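*Asks:* Coordinates for the following, if possible.
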Amino acid sequence: MIRPLPTLLRSLPRLFLFRGALLTTAALPLHNPPAPAAAFTTSPNPNAKPTQMPSRPKPPPESEIEEFFVKGSGPGGQKINKTASAVQLRHIPTGIVVKSQATRSRSQNRKIARDQLAARLDELANGAQSRTAVVGAAKLKKAASKAKKSRRKYRKLAEATTAACGGEEEGRAVDDEGVEDEWIEEEEEEVEVEAVEAVGSKEQEPQGQQNQRGDEGKAVQEQQTETHDTNGRKP
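*Replies:* A predicted model of the protein is given here:
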């Protein structure tokens, strides 16, 4: 259906506005331009993560395994103690024996027992390079690093606490020394005042009292001399 001319004329401004918006959007630069592709190289990347752990060893073929189903022991109820759900494997070439009663399911215990046997054979063949040894060393290294960081953290906290307590104790010692000096000065002043008062009171005493005190002192001295002579005589 052909629209009348006035209707087309009215819709022309909208068409021009829509076209201008499209052109403006196309002219805008991209916010995150794609990074250029890295050149192909065979050298190792220094920022790459360390080598992954060794892959899990595969169990030996079934022809080298003797399998037995036995009753379990320990906690777990009658399913463990009265049913043959535990799996025992014996590796014929090496004579290694493993047993698994981790779950109540015989099928799961069979898988777990084979994984244990594969790990034992890997340890026997590779020694320190086996997966068990490498994983154990990595766990020990991680635990040691964690303990070292913990010790460093608490050592810094202890040093900060000691420094703060030491500053407070030094301030208290200085204050105590100042208080002690003031107390000694006050005592010296009191002693001087008492000495001056004693001298003044002695000067103010009448001459008769002074003579009387002198006579009393002489009498005491003579009595002490007589006692000494009496004690010094031989029988």
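*Asks:* Count the residues that sit near residue 101.
*Replies:* 20 (other Cβ atoms under 10 Å). The C-beta positions use only the backbone N, C-alpha and C, and glycine is treated the same way.
*Asks:* ok, it - contacts?
*Replies:* Neighbour list for residue 101: 72-74, 76, 80, 85-87, 109 [criterion: Cβ atoms under 8 Å, 6 or more residues apart in numbering].
*Asks:* can you check residue 68 too?
*Replies:* Contacts here follow Cβ under 8 Å, 6+ apart; on that basis residue 68 touches 87-90.
*Asks:* what bits of this protein have low per-residue confidence?
*Replies:* For the chain, the stretches flagged by pLDDT under 70 are 1-51, 76-79, 167-187, 191, 193, 195-235.
*Asks:* top of the contacts of residue 101 by neighbour count?
*Replies:* Highest neighbour count within these, by other Cβ under 10 Å: residue 87, with 25 neighbours.
*Asks:* hang on, it packs against residue 67?
*Replies:* Yes - look at residue 87 against residue 67 with Cβ atoms under 8 Å: they come within range, at 6.8 Å.
*Asks:* Give me the common contacts of those two.
*Replies:* When contacts are counted by Cβ under 8 Å, 6+ apart, residue 87 and residue 67 are jointly contacted by residue 110.
*Asks:* neighbours around residue 113, how many?
*Replies:* Look at residue 113: counted by other Cβ under 10 Å, it has 22 neighbours.
*Asks:* In what element of secondary structure is it found?
*Replies:* helix 106-126 (DSSP states H and E).
*Asks:* and that helix, what does it pack onto?
*Replies:* With contacts taken as 3 or more Cβ pairs under 8 Å, 6 or more residues apart in numbering; DSSP states H and E, helix 106-126 sits against strand 65-70, strand 86-91, strand 97-100, helix 131-204.
*Asks:* And that helix, what's buried?
*Replies:* Buried residues in helix 106-126, counted by 16 or more other Cβ atoms under 10 Å: 109, 112-123.
*Asks:* can you check stretch 146-154 too?
*Replies:* For stretch 146-154, burial by neighbour count (16+ other Cβ under 10 Å) applies to no residue.
*Asks:* same question, stretch 91-98
*Replies:* For stretch 91-98, by 16+ other Cβ under 10 Å, it's 91, 96, 98.
*Asks:* ok, and what's touching that stretch?
*Replies:* Stretch 91-98 is contacted by residues 60, 64-66, 88-90, 113, 116-117, 120-121, 124 when judged by Cβ under 8 Å, 6+ apart.
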